[in-house]
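Peer 1: Sequence and predicted model, in that order:
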Amino acid sequence: MKTRRQGFLKGAAILMGAVAIVKLLGAFFKIPLSWILTPVGMSYFGSAYSLYFPIYSLSAAGFPVAISHLVSECCAKGRFRDVRIIHQISVKLFLCVGLFGFTLMLFLAPPYAQLSSAGQARSLLPAIWALAPSIFFCSMISVYRGFYEGLRDMVPTAVSQILEALCRLIFGLAFSIKAVQIAAQEYAVSKTVWGVPQPTEEYARLAALPMAAAGAIFGVTIGSVVSFFYLWCHYRKTGDGITQQQITASPKASEPKLLLKNLWHMALPVALGSLAVNLSTLADAAWLNAGLRILMGKNAASLLTQYAGELPTEVIRLGEVPSYLYGCFTNATTLFLLIPTLTQALGISALPNVTAAWAAGSKKQITDSLKMVFSVAALLAIPAGLGMSFLAKPICAFLYGPQNAPGITGKILFYLGFAAIFSALGTSVNSLLQAVGRADIPVKILGVGLLVKVIMNWILVPMPQWNVLGAAFSTLLSYFVILVLGLHFLRKVTGVQMQMFSLLWKPILGGTCCVAVALTTEKILSGYFHIAVAVLTAILAAVVIYLLICAVLHAIPHEVAKKRRFREKKKDCT
(Lines give C-alpha, C1' and ligand atoms only; values in the text may rest on other atoms or scores of the structure.)
Protein backbone atom coordinates (compact mmCIF):
# COMPACT_ATOMS: atom_id res chain seq x y z
CA MET A 1 0.00 0.00 0.00
CA LYS A 2 1.12 3.54 -0.68
CA THR A 3 -0.55 4.86 2.45
CA ARG A 4 1.77 6.07 5.18
CA ARG A 5 1.25 3.20 7.61
CA GLN A 6 2.53 3.27 11.17
CA GLY A 7 3.04 0.56 13.75
CA PHE A 8 1.49 0.80 17.20
CA LEU A 9 4.28 2.83 18.79
CA LYS A 10 4.63 5.36 16.00
CA GLY A 11 0.86 5.64 15.58
CA ALA A 12 0.40 6.12 19.31
CA ALA A 13 3.14 8.75 19.35
CA ILE A 14 1.47 10.65 16.48
CA LEU A 15 -1.95 10.58 18.12
CA MET A 16 -0.69 11.45 21.59
CA GLY A 17 1.42 14.24 20.14
CA ALA A 18 -1.69 15.56 18.41
CA VAL A 19 -3.66 15.21 21.64
CA ALA A 20 -0.98 17.20 23.48
CA ILE A 21 -1.22 19.99 20.91
CA VAL A 22 -5.02 19.86 20.95
CA LYS A 23 -5.10 20.05 24.73
CA LEU A 24 -2.64 22.94 24.71
CA LEU A 25 -4.84 24.78 22.23
CA GLY A 26 -7.82 23.78 24.34
CA ALA A 27 -6.20 25.33 27.40
CA PHE A 28 -5.62 28.56 25.48
CA PHE A 29 -9.33 28.42 24.62
CA LYS A 30 -10.94 27.26 27.86
CA ILE A 31 -8.90 29.27 30.36
CA PRO A 32 -9.52 32.73 28.83
CA LEU A 33 -13.08 31.62 28.15
CA SER A 34 -13.59 30.90 31.85
CA TRP A 35 -12.44 34.45 32.59
CA ILE A 36 -14.91 35.85 30.06
CA LEU A 37 -17.91 33.70 30.96
CA THR A 38 -17.33 33.23 34.72
CA PRO A 39 -18.72 30.04 36.28
CA VAL A 40 -22.29 31.14 35.48
CA GLY A 41 -21.55 31.38 31.75
CA MET A 42 -19.51 28.18 31.88
CA SER A 43 -22.60 26.43 33.22
CA TYR A 44 -24.41 27.32 29.95
CA PHE A 45 -21.38 26.11 28.00
CA GLY A 46 -21.21 22.84 29.93
CA SER A 47 -24.96 22.24 29.86
CA ALA A 48 -25.04 22.52 26.06
CA TYR A 49 -22.30 19.90 25.81
CA SER A 50 -24.18 17.66 28.23
CA LEU A 51 -26.99 17.34 25.67
CA TYR A 52 -24.58 17.23 22.74
CA PHE A 53 -22.44 14.32 23.95
CA PRO A 54 -25.19 11.65 24.20
CA ILE A 55 -26.46 12.53 20.71
CA TYR A 56 -22.88 12.60 19.43
CA SER A 57 -22.44 9.11 20.88
CA LEU A 58 -25.28 7.81 18.73
CA SER A 59 -24.30 9.80 15.65
CA ALA A 60 -20.54 9.42 15.56
CA ALA A 61 -18.77 7.94 18.57
CA GLY A 62 -19.06 4.24 17.79
CA PHE A 63 -18.39 4.36 14.08
CA PRO A 64 -14.68 5.24 13.91
CA VAL A 65 -13.94 2.21 16.07
CA ALA A 66 -16.20 0.00 13.94
CA ILE A 67 -14.75 1.21 10.64
CA SER A 68 -11.19 0.93 11.95
CA HIS A 69 -11.85 -2.60 13.19
CA LEU A 70 -13.43 -3.79 9.92
CA VAL A 71 -10.85 -2.10 7.68
CA SER A 72 -7.90 -3.48 9.65
CA GLU A 73 -9.47 -6.94 9.67
CA CYS A 74 -10.04 -6.84 5.90
CA CYS A 75 -6.47 -5.67 5.33
CA ALA A 76 -5.15 -8.52 7.49
CA LYS A 77 -7.09 -10.97 5.30
CA GLY A 78 -6.16 -9.27 2.02
CA ARG A 79 -9.78 -8.28 1.26
CA PHE A 80 -8.99 -4.89 -0.24
CA ARG A 81 -12.16 -4.76 -2.35
CA ASP A 82 -14.13 -4.89 0.90
CA VAL A 83 -12.09 -1.99 2.28
CA ARG A 84 -13.33 0.29 -0.49
CA ILE A 85 -16.92 -0.89 -0.16
CA ILE A 86 -16.80 -0.22 3.59
CA HIS A 87 -15.82 3.37 2.88
CA GLN A 88 -18.56 3.84 0.30
CA ILE A 89 -21.37 2.53 2.48
CA SER A 90 -20.01 4.43 5.50
CA VAL A 91 -20.25 7.78 3.73
CA LYS A 92 -23.89 7.19 2.77
CA LEU A 93 -24.80 5.83 6.20
CA PHE A 94 -23.16 8.63 8.14
CA LEU A 95 -24.77 11.29 5.98
CA CYS A 96 -28.16 10.04 7.15
CA VAL A 97 -27.06 9.48 10.74
CA GLY A 98 -25.54 12.95 10.98
CA LEU A 99 -28.69 14.62 9.69
CA PHE A 100 -30.74 12.61 12.17
CA GLY A 101 -28.49 13.65 15.07
CA PHE A 102 -28.64 17.31 14.07
CA THR A 103 -32.45 17.19 13.89
CA LEU A 104 -32.71 15.31 17.18
CA MET A 105 -30.61 17.89 19.01
CA LEU A 106 -32.78 20.74 17.73
CA PHE A 107 -35.91 18.84 18.75
CA LEU A 108 -34.65 18.03 22.27
CA ALA A 109 -33.19 21.47 22.96
CA PRO A 110 -36.32 23.20 24.40
CA PRO A 111 -37.41 20.44 26.83
CA TYR A 112 -33.83 19.81 27.94
CA ALA A 113 -33.17 23.51 28.52
CA GLN A 114 -36.38 23.78 30.52
CA LEU A 115 -35.47 20.77 32.65
CA SER A 116 -31.84 21.58 33.37
CA SER A 117 -32.09 25.35 33.84
CA ALA A 118 -35.14 25.42 36.13
CA GLY A 119 -37.22 27.91 34.17
CA GLN A 120 -34.30 29.77 32.55
CA ALA A 121 -34.42 27.94 29.23
CA ARG A 122 -33.85 31.11 27.21
CA SER A 123 -30.39 31.39 28.75
CA LEU A 124 -29.35 27.92 27.58
CA LEU A 125 -30.97 27.58 24.15
CA PRO A 126 -28.55 29.81 22.16
CA ALA A 127 -25.58 27.63 23.12
CA ILE A 128 -27.41 24.42 22.17
CA TRP A 129 -28.50 25.81 18.80
CA ALA A 130 -24.95 26.98 18.05
CA LEU A 131 -23.59 23.50 18.76
CA ALA A 132 -26.21 21.43 16.92
CA PRO A 133 -24.71 21.64 13.37
CA SER A 134 -21.44 20.13 14.58
CA ILE A 135 -23.29 16.83 15.14
CA PHE A 136 -23.63 16.41 11.36
CA PHE A 137 -20.02 17.33 10.58
CA CYS A 138 -18.59 15.19 13.39
CA SER A 139 -20.56 12.26 12.04
CA MET A 140 -18.94 12.72 8.64
CA ILE A 141 -15.53 13.25 10.24
CA SER A 142 -15.81 9.87 11.92
CA VAL A 143 -16.02 8.15 8.51
CA TYR A 144 -12.61 9.37 7.42
CA ARG A 145 -10.88 9.12 10.78
CA GLY A 146 -12.00 5.54 11.30
CA PHE A 147 -11.07 4.62 7.72
CA TYR A 148 -7.51 5.94 7.95
CA GLU A 149 -7.03 4.55 11.45
CA GLY A 150 -7.98 1.12 10.11
CA LEU A 151 -5.32 1.56 7.42
CA ARG A 152 -2.89 2.39 10.25
CA ASP A 153 -2.38 5.94 9.02
CA MET A 154 -2.90 8.17 12.05
CA VAL A 155 -1.72 11.39 10.39
CA PRO A 156 -5.10 12.48 8.92
CA THR A 157 -6.78 12.01 12.30
CA ALA A 158 -4.02 13.96 14.04
CA VAL A 159 -4.04 16.86 11.57
CA SER A 160 -7.84 17.12 11.58
CA GLN A 161 -7.90 17.21 15.38
CA ILE A 162 -5.36 20.03 15.48
CA LEU A 163 -7.22 22.04 12.83
CA GLU A 164 -10.46 21.59 14.76
CA ALA A 165 -8.88 22.80 18.00
CA LEU A 166 -7.20 25.76 16.31
CA CYS A 167 -10.45 26.98 14.75
CA ARG A 168 -12.25 26.52 18.05
CA LEU A 169 -9.65 28.67 19.75
CA ILE A 170 -9.65 31.48 17.19
CA PHE A 171 -13.33 31.73 16.35
CA GLY A 172 -14.71 30.69 19.73
CA LEU A 173 -12.84 33.33 21.70
CA ALA A 174 -13.43 35.98 19.03
CA PHE A 175 -17.20 35.44 18.97
CA SER A 176 -17.44 35.25 22.76
CA ILE A 177 -15.51 38.47 23.28
CA LYS A 178 -17.52 40.21 20.58
CA ALA A 179 -20.81 39.18 22.20
CA VAL A 180 -19.73 40.64 25.55
CA GLN A 181 -18.60 43.87 23.86
CA ILE A 182 -21.88 44.26 21.95
CA ALA A 183 -23.88 43.67 25.13
CA ALA A 184 -21.82 46.22 27.06
CA GLN A 185 -22.22 48.82 24.31
CA GLU A 186 -25.97 48.25 24.17
CA TYR A 187 -26.32 48.61 27.93
CA ALA A 188 -24.26 51.80 27.95
CA VAL A 189 -26.59 53.35 25.36
CA SER A 190 -30.05 52.04 26.25
CA LYS A 191 -29.75 50.18 29.59
CA THR A 192 -30.83 47.01 27.77
CA VAL A 193 -29.07 43.79 26.75
CA TRP A 194 -30.42 41.97 23.68
CA GLY A 195 -33.43 44.27 23.86
CA VAL A 196 -34.32 43.39 27.47
CA PRO A 197 -34.10 46.16 30.10
CA GLN A 198 -31.53 45.50 32.84
CA PRO A 199 -31.76 47.28 36.22
CA THR A 200 -28.04 47.25 37.06
CA GLU A 201 -24.67 46.64 35.47
CA GLU A 202 -24.41 43.32 37.34
CA TYR A 203 -27.63 42.12 35.74
CA ALA A 204 -26.37 43.35 32.37
CA ARG A 205 -23.17 41.31 32.66
CA LEU A 206 -25.14 38.18 33.52
CA ALA A 207 -27.59 38.82 30.66
CA ALA A 208 -24.68 38.92 28.19
CA LEU A 209 -23.44 35.46 29.15
CA PRO A 210 -25.91 33.24 27.20
CA MET A 211 -24.91 34.76 23.85
CA ALA A 212 -21.24 34.86 24.87
CA ALA A 213 -21.41 31.12 25.60
CA ALA A 214 -23.19 30.56 22.28
CA GLY A 215 -20.46 32.49 20.47
CA ALA A 216 -17.77 30.34 22.05
CA ILE A 217 -19.61 27.17 21.09
CA PHE A 218 -20.16 28.35 17.52
CA GLY A 219 -16.38 28.34 17.24
CA VAL A 220 -16.57 24.61 18.02
CA THR A 221 -18.99 24.14 15.12
CA ILE A 222 -16.70 26.03 12.75
CA GLY A 223 -13.83 23.79 13.86
CA SER A 224 -15.81 20.67 12.95
CA VAL A 225 -16.61 22.11 9.51
CA VAL A 226 -12.94 22.86 8.79
CA SER A 227 -11.86 19.45 10.09
CA PHE A 228 -14.34 17.65 7.84
CA PHE A 229 -13.32 19.54 4.71
CA TYR A 230 -9.65 18.82 5.40
CA LEU A 231 -10.35 15.08 5.63
CA TRP A 232 -12.57 15.14 2.55
CA CYS A 233 -9.93 16.98 0.51
CA HIS A 234 -7.20 14.67 1.81
CA TYR A 235 -9.15 11.62 0.68
CA ARG A 236 -9.91 13.16 -2.71
CA LYS A 237 -6.22 13.91 -3.19
CA THR A 238 -4.51 10.79 -1.78
CA GLY A 239 -7.23 8.14 -1.77
CA ASP A 240 -6.77 4.98 0.27
CA GLY A 241 -3.35 3.94 -0.98
CA ILE A 242 -4.53 0.52 -2.16
CA THR A 243 -2.70 -0.49 -5.34
CA GLN A 244 -4.23 -2.06 -8.43
CA GLN A 245 -2.16 -5.19 -7.82
CA GLN A 246 -3.73 -5.57 -4.39
CA ILE A 247 -7.21 -5.13 -5.84
CA THR A 248 -6.49 -7.76 -8.50
CA ALA A 249 -5.18 -10.24 -5.93
CA SER A 250 -8.05 -9.55 -3.55
CA PRO A 251 -10.89 -12.11 -3.23
CA LYS A 252 -14.32 -11.32 -4.60
CA ALA A 253 -15.96 -8.47 -2.74
CA SER A 254 -18.49 -9.26 -0.04
CA GLU A 255 -22.07 -8.15 -0.42
CA PRO A 256 -22.52 -4.52 0.71
CA LYS A 257 -25.48 -5.60 2.84
CA LEU A 258 -23.26 -8.04 4.72
CA LEU A 259 -20.59 -5.39 5.30
CA LEU A 260 -23.24 -2.92 6.43
CA LYS A 261 -24.57 -5.51 8.85
CA ASN A 262 -21.08 -6.11 10.22
CA LEU A 263 -20.55 -2.37 10.55
CA TRP A 264 -23.75 -1.96 12.54
CA HIS A 265 -22.96 -5.04 14.61
CA MET A 266 -19.63 -3.51 15.65
CA ALA A 267 -20.68 0.14 15.86
CA LEU A 268 -23.90 -0.16 17.82
CA PRO A 269 -22.38 -1.60 21.03
CA VAL A 270 -19.56 0.96 20.94
CA ALA A 271 -22.04 3.79 20.38
CA LEU A 272 -24.24 2.55 23.20
CA GLY A 273 -21.22 2.31 25.47
CA SER A 274 -20.22 5.85 24.64
CA LEU A 275 -23.84 6.86 25.16
CA ALA A 276 -23.78 5.36 28.64
CA VAL A 277 -20.71 7.42 29.52
CA ASN A 278 -22.13 10.61 28.09
CA LEU A 279 -25.50 10.10 29.68
CA SER A 280 -23.61 10.57 32.93
CA THR A 281 -22.78 14.12 31.84
CA LEU A 282 -26.43 14.61 31.01
CA ALA A 283 -27.33 13.29 34.45
CA ASP A 284 -24.86 15.73 35.98
CA ALA A 285 -26.30 18.65 34.03
CA ALA A 286 -29.92 17.83 34.78
CA TRP A 287 -29.75 16.37 38.27
CA LEU A 288 -26.84 18.43 39.60
CA ASN A 289 -28.50 21.72 38.70
CA ALA A 290 -31.86 20.54 39.97
CA GLY A 291 -30.40 18.98 43.12
CA LEU A 292 -28.47 22.11 44.00
CA ARG A 293 -31.56 24.26 43.51
CA ILE A 294 -33.50 21.92 45.80
CA LEU A 295 -30.71 22.15 48.35
CA MET A 296 -30.67 25.95 48.12
CA GLY A 297 -34.41 25.96 48.74
CA LYS A 298 -34.25 23.68 51.77
CA ASN A 299 -30.88 24.37 53.37
CA ALA A 300 -29.30 27.42 51.76
CA ALA A 301 -27.59 28.52 54.98
CA SER A 302 -25.56 25.32 55.21
CA LEU A 303 -24.40 25.54 51.60
CA LEU A 304 -23.52 29.23 51.84
CA THR A 305 -21.63 28.64 55.08
CA GLN A 306 -19.60 25.83 53.53
CA TYR A 307 -18.48 28.10 50.68
CA ALA A 308 -18.32 31.34 52.65
CA GLY A 309 -15.89 33.78 51.07
CA GLU A 310 -15.72 31.80 47.83
CA LEU A 311 -19.10 32.67 46.30
CA PRO A 312 -19.35 36.19 44.82
CA THR A 313 -21.95 38.34 46.55
CA GLU A 314 -23.73 39.18 43.29
CA VAL A 315 -24.12 35.46 42.52
CA ILE A 316 -25.78 34.92 45.90
CA ARG A 317 -27.95 38.01 45.55
CA LEU A 318 -29.13 37.07 42.06
CA GLY A 319 -29.88 33.46 43.00
CA GLU A 320 -27.27 31.94 40.66
CA VAL A 321 -25.46 29.77 43.23
CA PRO A 322 -26.48 26.44 41.57
CA SER A 323 -25.32 27.67 38.15
CA TYR A 324 -22.10 28.98 39.67
CA LEU A 325 -21.32 25.65 41.37
CA TYR A 326 -22.14 23.76 38.20
CA GLY A 327 -19.78 26.08 36.34
CA CYS A 328 -17.04 25.14 38.84
CA PHE A 329 -17.84 21.47 38.17
CA THR A 330 -17.55 22.13 34.41
CA ASN A 331 -14.12 23.74 34.88
CA ALA A 332 -12.92 20.79 36.96
CA THR A 333 -14.29 18.31 34.43
CA THR A 334 -12.32 20.03 31.66
CA LEU A 335 -9.09 19.20 33.50
CA PHE A 336 -10.28 15.71 34.43
CA LEU A 337 -10.82 14.80 30.77
CA LEU A 338 -7.19 15.53 29.83
CA ILE A 339 -5.90 12.22 31.17
CA PRO A 340 -8.45 9.78 29.64
CA THR A 341 -8.01 11.55 26.29
CA LEU A 342 -4.33 10.57 26.21
CA THR A 343 -5.03 6.90 26.84
CA GLN A 344 -7.90 7.00 24.36
CA ALA A 345 -5.34 7.92 21.69
CA LEU A 346 -3.29 4.94 22.84
CA GLY A 347 -6.30 2.67 22.41
CA ILE A 348 -7.07 4.03 18.93
CA SER A 349 -3.54 3.27 17.79
CA ALA A 350 -3.54 -0.18 19.39
CA LEU A 351 -6.89 -1.28 17.97
CA PRO A 352 -5.83 -2.25 14.40
CA ASN A 353 -2.70 -4.02 15.69
CA VAL A 354 -4.55 -6.02 18.34
CA THR A 355 -7.32 -6.78 15.84
CA ALA A 356 -4.78 -8.15 13.36
CA ALA A 357 -3.13 -10.27 16.07
CA TRP A 358 -6.52 -11.60 17.18
CA ALA A 359 -7.51 -12.41 13.59
CA ALA A 360 -4.21 -14.26 13.10
CA GLY A 361 -4.69 -16.19 16.37
CA SER A 362 -1.26 -15.21 17.72
CA LYS A 363 -1.57 -15.85 21.47
CA LYS A 364 1.87 -14.45 22.31
CA GLN A 365 1.34 -11.25 20.33
CA ILE A 366 -2.09 -10.77 21.89
CA THR A 367 -0.67 -11.22 25.40
CA ASP A 368 2.20 -8.82 24.73
CA SER A 369 -0.17 -6.30 23.17
CA LEU A 370 -2.65 -6.29 26.04
CA LYS A 371 0.00 -5.98 28.73
CA MET A 372 1.89 -3.30 26.86
CA VAL A 373 -1.14 -1.09 26.23
CA PHE A 374 -2.28 -1.36 29.85
CA SER A 375 1.19 -0.73 31.30
CA VAL A 376 1.77 2.34 29.12
CA ALA A 377 -1.67 3.66 30.08
CA ALA A 378 -0.81 3.16 33.76
CA LEU A 379 2.55 4.92 33.35
CA LEU A 380 0.73 7.95 31.95
CA ALA A 381 -2.44 7.99 34.03
CA ILE A 382 -1.32 7.25 37.58
CA PRO A 383 1.19 10.09 38.12
CA ALA A 384 -0.99 12.54 36.20
CA GLY A 385 -4.10 11.66 38.20
CA LEU A 386 -2.32 11.76 41.55
CA GLY A 387 -0.74 15.09 40.70
CA MET A 388 -4.07 16.51 39.59
CA SER A 389 -5.69 15.46 42.87
CA PHE A 390 -3.07 16.68 45.31
CA LEU A 391 -2.22 19.88 43.42
CA ALA A 392 -5.86 20.57 42.59
CA LYS A 393 -6.25 23.94 44.29
CA PRO A 394 -2.93 25.46 43.08
CA ILE A 395 -3.61 24.22 39.55
CA CYS A 396 -7.09 25.78 39.53
CA ALA A 397 -5.76 29.03 40.99
CA PHE A 398 -3.10 29.15 38.28
CA LEU A 399 -5.36 28.26 35.37
CA TYR A 400 -8.67 29.89 36.26
CA GLY A 401 -7.59 32.74 38.51
CA PRO A 402 -9.03 33.93 41.84
CA GLN A 403 -12.23 35.20 40.18
CA ASN A 404 -13.32 31.64 39.30
CA ALA A 405 -13.44 30.10 42.78
CA PRO A 406 -10.27 27.95 42.66
CA GLY A 407 -11.06 26.69 46.16
CA ILE A 408 -14.39 25.20 45.09
CA THR A 409 -13.07 23.89 41.77
CA GLY A 410 -10.04 22.44 43.53
CA LYS A 411 -12.21 20.46 45.96
CA ILE A 412 -14.11 18.99 43.03
CA LEU A 413 -10.91 18.24 41.12
CA PHE A 414 -9.45 16.36 44.10
CA TYR A 415 -11.99 13.58 43.54
CA LEU A 416 -11.92 13.84 39.74
CA GLY A 417 -8.13 13.40 39.68
CA PHE A 418 -8.50 9.92 41.16
CA ALA A 419 -11.45 9.30 38.85
CA ALA A 420 -9.21 10.20 35.89
CA ILE A 421 -6.88 7.30 36.73
CA PHE A 422 -9.71 4.77 36.73
CA SER A 423 -11.26 6.34 33.62
CA ALA A 424 -7.98 6.31 31.68
CA LEU A 425 -7.23 2.68 32.52
CA GLY A 426 -10.84 1.68 31.89
CA THR A 427 -10.76 3.39 28.49
CA SER A 428 -7.73 1.32 27.49
CA VAL A 429 -9.35 -1.90 28.68
CA ASN A 430 -12.55 -1.15 26.75
CA SER A 431 -10.53 -0.41 23.60
CA LEU A 432 -8.85 -3.79 23.94
CA LEU A 433 -12.20 -5.53 24.32
CA GLN A 434 -13.39 -3.80 21.16
CA ALA A 435 -10.21 -4.84 19.35
CA VAL A 436 -10.81 -8.53 20.07
CA GLY A 437 -14.34 -8.28 18.71
CA ARG A 438 -16.28 -7.99 21.98
CA ALA A 439 -17.67 -4.48 21.59
CA ASP A 440 -20.82 -5.67 23.35
CA ILE A 441 -19.09 -6.03 26.71
CA PRO A 442 -18.04 -2.38 27.23
CA VAL A 443 -21.59 -1.16 26.68
CA LYS A 444 -22.83 -3.44 29.46
CA ILE A 445 -20.01 -2.40 31.77
CA LEU A 446 -20.56 1.29 31.06
CA GLY A 447 -24.27 0.84 31.67
CA VAL A 448 -23.48 -0.50 35.14
CA GLY A 449 -21.16 2.45 35.72
CA LEU A 450 -23.88 4.88 34.66
CA LEU A 451 -26.32 3.25 37.07
CA VAL A 452 -23.82 3.58 39.92
CA LYS A 453 -23.27 7.25 39.09
CA VAL A 454 -26.97 8.10 38.87
CA ILE A 455 -27.76 6.37 42.17
CA MET A 456 -24.86 8.01 43.99
CA ASN A 457 -25.73 11.42 42.52
CA TRP A 458 -29.30 10.99 43.69
CA ILE A 459 -28.07 10.14 47.20
CA LEU A 460 -25.17 12.57 47.65
CA VAL A 461 -25.97 15.80 45.79
CA PRO A 462 -28.96 16.81 48.00
CA MET A 463 -26.85 16.24 51.14
CA PRO A 464 -25.51 19.61 52.42
CA GLN A 465 -22.10 18.19 53.31
CA TRP A 466 -21.62 16.77 49.79
CA ASN A 467 -23.60 18.99 47.33
CA VAL A 468 -21.55 19.44 44.13
CA LEU A 469 -18.75 17.28 45.57
CA GLY A 470 -21.19 14.38 45.52
CA ALA A 471 -21.21 14.42 41.73
CA ALA A 472 -17.40 14.26 41.68
CA PHE A 473 -17.30 11.34 44.12
CA SER A 474 -20.01 9.56 42.12
CA THR A 475 -17.84 9.91 39.02
CA LEU A 476 -14.87 8.40 40.86
CA LEU A 477 -16.86 5.42 42.10
CA SER A 478 -18.49 4.73 38.73
CA TYR A 479 -15.16 4.63 36.85
CA PHE A 480 -13.66 2.37 39.50
CA VAL A 481 -16.51 -0.10 38.95
CA ILE A 482 -16.06 0.15 35.16
CA LEU A 483 -12.33 -0.62 35.42
CA VAL A 484 -12.77 -3.63 37.70
CA LEU A 485 -15.48 -5.14 35.50
CA GLY A 486 -13.50 -4.43 32.32
CA LEU A 487 -10.41 -6.23 33.62
CA HIS A 488 -12.52 -9.20 34.67
CA PHE A 489 -14.09 -9.61 31.24
CA LEU A 490 -10.84 -8.96 29.37
CA ARG A 491 -9.24 -11.87 31.22
CA LYS A 492 -12.30 -14.03 30.61
CA VAL A 493 -12.41 -13.31 26.85
CA THR A 494 -8.70 -13.47 26.04
CA GLY A 495 -7.44 -15.81 28.73
CA VAL A 496 -4.64 -13.32 29.49
CA GLN A 497 -3.87 -12.77 33.18
CA MET A 498 -2.78 -9.14 33.55
CA GLN A 499 -0.82 -9.59 36.85
CA MET A 500 -1.93 -6.24 38.21
CA PHE A 501 0.65 -5.88 40.97
CA SER A 502 3.61 -6.26 38.63
CA LEU A 503 2.06 -3.82 36.15
CA LEU A 504 1.02 -1.15 38.65
CA TRP A 505 3.47 -1.01 41.55
CA LYS A 506 6.15 0.91 39.68
CA PRO A 507 3.80 3.67 38.38
CA ILE A 508 2.20 3.95 41.84
CA LEU A 509 5.56 4.25 43.60
CA GLY A 510 6.88 6.70 41.03
CA GLY A 511 3.65 8.69 41.08
CA THR A 512 3.66 8.93 44.88
CA CYS A 513 7.25 10.17 44.93
CA CYS A 514 6.71 12.73 42.18
CA VAL A 515 3.58 14.07 43.92
CA ALA A 516 5.54 14.47 47.17
CA VAL A 517 8.19 16.44 45.28
CA ALA A 518 5.55 18.56 43.56
CA LEU A 519 3.73 19.40 46.79
CA THR A 520 6.95 20.34 48.56
CA THR A 521 8.17 22.45 45.65
CA GLU A 522 4.86 24.28 45.27
CA LYS A 523 4.59 24.98 49.00
CA ILE A 524 8.11 26.44 49.17
CA LEU A 525 7.93 28.51 45.98
CA SER A 526 4.41 29.87 46.51
CA GLY A 527 5.69 31.93 49.42
CA TYR A 528 8.17 33.75 47.20
CA PHE A 529 6.91 33.67 43.61
CA HIS A 530 3.73 34.06 41.58
CA ILE A 531 1.42 31.04 41.58
CA ALA A 532 2.24 30.33 37.91
CA VAL A 533 5.95 29.99 38.67
CA ALA A 534 5.29 27.80 41.70
CA VAL A 535 2.90 25.43 39.92
CA LEU A 536 4.86 25.08 36.68
CA THR A 537 8.14 24.51 38.53
CA ALA A 538 6.47 21.94 40.79
CA ILE A 539 5.07 20.06 37.78
CA LEU A 540 8.44 20.16 35.99
CA ALA A 541 10.23 18.85 39.08
CA ALA A 542 7.65 16.08 39.42
CA VAL A 543 8.09 15.02 35.78
CA VAL A 544 11.88 14.87 36.13
CA ILE A 545 11.68 12.83 39.33
CA TYR A 546 9.12 10.48 37.82
CA LEU A 547 11.22 9.83 34.73
CA LEU A 548 14.28 9.17 36.88
CA ILE A 549 12.36 6.72 39.07
CA CYS A 550 10.97 4.97 35.98
CA ALA A 551 14.49 4.65 34.60
CA VAL A 552 15.88 3.27 37.88
CA LEU A 553 13.01 0.79 38.28
CA HIS A 554 13.00 -0.13 34.56
CA ALA A 555 9.31 0.76 34.55
CA ILE A 556 9.12 1.54 30.83
CA PRO A 557 8.10 -1.63 28.95
CA HIS A 558 10.89 -3.27 26.99
CA GLU A 559 8.78 -3.09 23.84
CA VAL A 560 8.52 0.68 24.11
CA ALA A 561 12.15 1.23 24.95
CA LYS A 562 13.50 -0.92 22.13
CA LYS A 563 10.65 -0.51 19.62
CA ARG A 564 10.92 -4.16 18.71
CA ARG A 565 7.38 -5.36 19.12
CA PHE A 566 4.10 -4.51 17.49
CA ARG A 567 5.67 -4.73 14.06
CA GLU A 568 3.10 -5.64 11.50
CA LYS A 569 3.32 -8.93 9.69
CA LYS A 570 4.02 -8.56 6.01
CA LYS A 571 0.59 -9.72 5.08
CA ASP A 572 -1.09 -6.99 7.17
CA CYS A 573 -1.84 -4.26 4.65
CA THR A 574 1.62 -4.47 3.01
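Peer 2: The structure has been received and is ready for your questions.

Peer 1: I'd like the mean pLDDT over the biggest helix by length in the chain, please.
Peer 2: As assigned by DSSP state H, the longest helix anywhere in the chain is helix 8-56. Mean per-residue pLDDT for helix 8-56: 86.

Peer 1: How far off centre is it?
Peer 2: With Cα atoms, centre = their mean, to the nearest Å as the basis, helix 8-56 stands 7 Å off its chain's centre.

Peer 1: average pLDDT across the helix or strand that that helix is followed by?
Peer 2: Next in sequence after helix 8-56, counting helices and strands by DSSP states H and E, comes helix 62-76. Helix 62-76 comes out with an average pLDDT of 81.

Peer 1: Could I get the buried residue list for the helix or strand that helix 62-76 is followed by?
Peer 2: Using DSSP H and E, the helix or strand that follows helix 62-76 in sequence is helix 80-116. For helix 80-116, burial by neighbour count (16 or more other Cβ atoms under 10 Å) applies to 80-87, 89-90, 93-94, 97-98, 100-102, 104-105, 109, 112-113, 116. Bear in mind the C-beta positions are built from the backbone N, C-alpha and C, glycine included.

Peer 1: Over to stretch 516-529?
Peer 2: Buried residues in stretch 516-529, counted by 16+ other Cβ under 10 Å: 517, 518, 519, 521, 522, 525, 526.

Peer 1: With stretch 311-325 instead?
Peer 2: Buried, per 16+ other Cβ under 10 Å, within stretch 311-325: 311, 312, 315, 318, 320, 321, 322, 323, 324, 325.

Peer 1: As a markdown table, the residues you listed with distance to residue 165, pLDDT and secondary structure would be great.
Peer 2: Below are the buried residues of stretch 311-325 laid out as a markdown table (distance: Cβ to Cβ, whole Å; pLDDT from 0 to 100; DSSP: H, G, I helix; E, B strand; the rest coil):
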| residue | distance to residue 165 | pLDDT | secondary structure |
| --- | --- | --- | --- |
| 311 | 32 | 90 | coil |
| 312 | 31 | 87 | coil |
| 315 | 31 | 85 | helix |
| 318 | 34 | 78 | coil |
| 320 | 30 | 84 | coil |
| 321 | 32 | 90 | helix |
| 322 | 30 | 89 | helix |
| 323 | 27 | 85 | helix |
| 324 | 27 | 91 | helix |
| 325 | 28 | 93 | helix |
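
Peer 1: neighbouring contacts of stretch 218-231?
Peer 2: The contact list for stretch 218-231 (Cβ atoms under 8 Å, 6 or more residues apart in numbering) reads 29, 130-131, 133-134, 137-138, 140-141, 144-145, 156, 159-161, 163-176.

Peer 1: tell me the mean pLDDT for that stretch?
Peer 2: Mean pLDDT, stretch 218-231: 96.

Peer 1: helices or strands up against the helix or strand containing residue 473?
Peer 2: Following DSSP H and E, one finds residue 473 within helix 468-494. Packed against helix 468-494 by the contact rule (3 or more Cβ pairs under 8 Å, 6 or more residues apart in numbering; DSSP states H and E) you find helix 321-336, helix 363-390, helix 406-435, helix 440-460.

Peer 1: centre of the chain versus the third one, how much separation?
Peer 2: Offset of helix 406-435 from its chain centre (Cα atoms, centre = their mean): 10 Å.

Peer 1: Next, the buried residues of that helix.
Peer 2: Neighbour-count burial for helix 406-435 [16+ other Cβ under 10 Å]: 406, 408-435.

Peer 1: Give me the buried subset of the contacts of stretch 218-231.
Peer 2: Buried residues within these, defined by neighbour count using 16+ other Cβ under 10 Å: 29, 130-131, 133-134, 137-138, 140-141, 144-145, 156, 159-161, 163-173, 175-176.

Peer 1: low-scoring pLDDT stretches of this protein, where are they?
Peer 2: 1-9, 61-62, 117-120, 557-574 (pLDDT under 70).
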